[in-house]
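Engineer: Generate a structure from the sequence data that follows.
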Amino acid sequence: MFKLEHIHPMVVHFPIVLILTGFLFEVIYLFFRKNNFFQETGFWMLCIGALTVVAAYFSGAFLTKELYGTAGAIQSTHELFAEFTVFSALIGTTLKVYLKIEKKEETWLKWIDFGLYAITTILICITGYYGGILVYEYLMN
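Structural biologist: As a prediction, the model looks like this:
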């Protein structure tokens, strides 16, 4: 039977894939300058990834059950890193959209945005790690 608690595990894979792949495309573009395809694709993956990060966060915050004990501590850590990921993704996406609208994508600000994208990528990996512990060690679904 389908439960609302199942929405979070179904949604979380989208931001993970979009942000990780988008960051890889950004690296390819910034360091190898092969094709603008990588820049455009990385941009759209970050934008869509940021939207899905918000969806994943809210589905986890409001549709999953509260855990206690050691599992609760891990859940709190998972939630903390999820919050950091949301803020980082939204700030990075906002800066990237600004740079694109103002046509300042080739200024020094692109490196600040790249750093935010890297931080978001690291944070989503840490968040996913703690989520994986909840699923595989504490059978949270």
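Engineer: With adjacent residues omitted, what lies nearest to Leu20?
Structural biologist: Of all residues not flanking Leu20 in the chain, Thr121 sits nearest, at 6.2 Å (Cβ to Cβ, 6 or more residues apart in numbering). (Glycine included, C-beta is placed from N, CA and C.)
Engineer: Go through the strand or helix carrying that neighbour and flag the buried ones.
Structural biologist: Per DSSP states H and E, Thr121 falls inside helix 109-138. For helix 109-138, a neighbour-count test (16 or more other Cβ atoms under 10 Å) marks 110, 113-114, 116-117, 119-121, 123-124, 126-128, 130-131, 133-134 as buried.
Engineer: Skipping its backbone neighbours, what lies nearest Asn35 in space?
Structural biologist: Distances taken as Cβ to Cβ, 6+ apart place Tyr29 nearest to Asn35, at 7.6 Å, with adjacent residues excluded.
Engineer: should've said Tyr138
Structural biologist: Of all residues not flanking Tyr138 in the chain, Ala71 sits nearest, at 4.3 Å (Cβ to Cβ, 6+ apart).
Engineer: Least confident secondary structure element in the chain?
Structural biologist: Within the chain, no helix or strand scores below helix 7-11, which has a mean of 89 by mean pLDDT, DSSP states H and E.
Engineer: how far out from the middle of the chain is that one?
Structural biologist: On the basis of Cα atoms, centre = their mean, to the nearest Å, helix 7-11 sits 14 Å off its chain's mean C-alpha point.
Engineer: Stretch 48-55 too?
Structural biologist: For stretch 48-55, the distance to the chain centre is 7 Å (Cα atoms, centre = their mean).
Engineer: okay, it in CSV with CA atoms only?
Structural biologist: The C-alpha coordinates for stretch 48-55 follow below in CSV (Å, rounded to 0.1, in the frame of the first residue of the first chain):
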residue,chain,number,x,y,z
ILE,A,48,16.0,21.9,-12.1
GLY,A,49,18.2,20.3,-9.4
ALA,A,50,17.6,23.2,-7.0
LEU,A,51,13.8,22.9,-7.5
THR,A,52,13.9,19.2,-6.8
VAL,A,53,16.2,19.7,-3.8
VAL,A,54,13.4,21.9,-2.3
ALA,A,55,10.8,19.2,-3.1
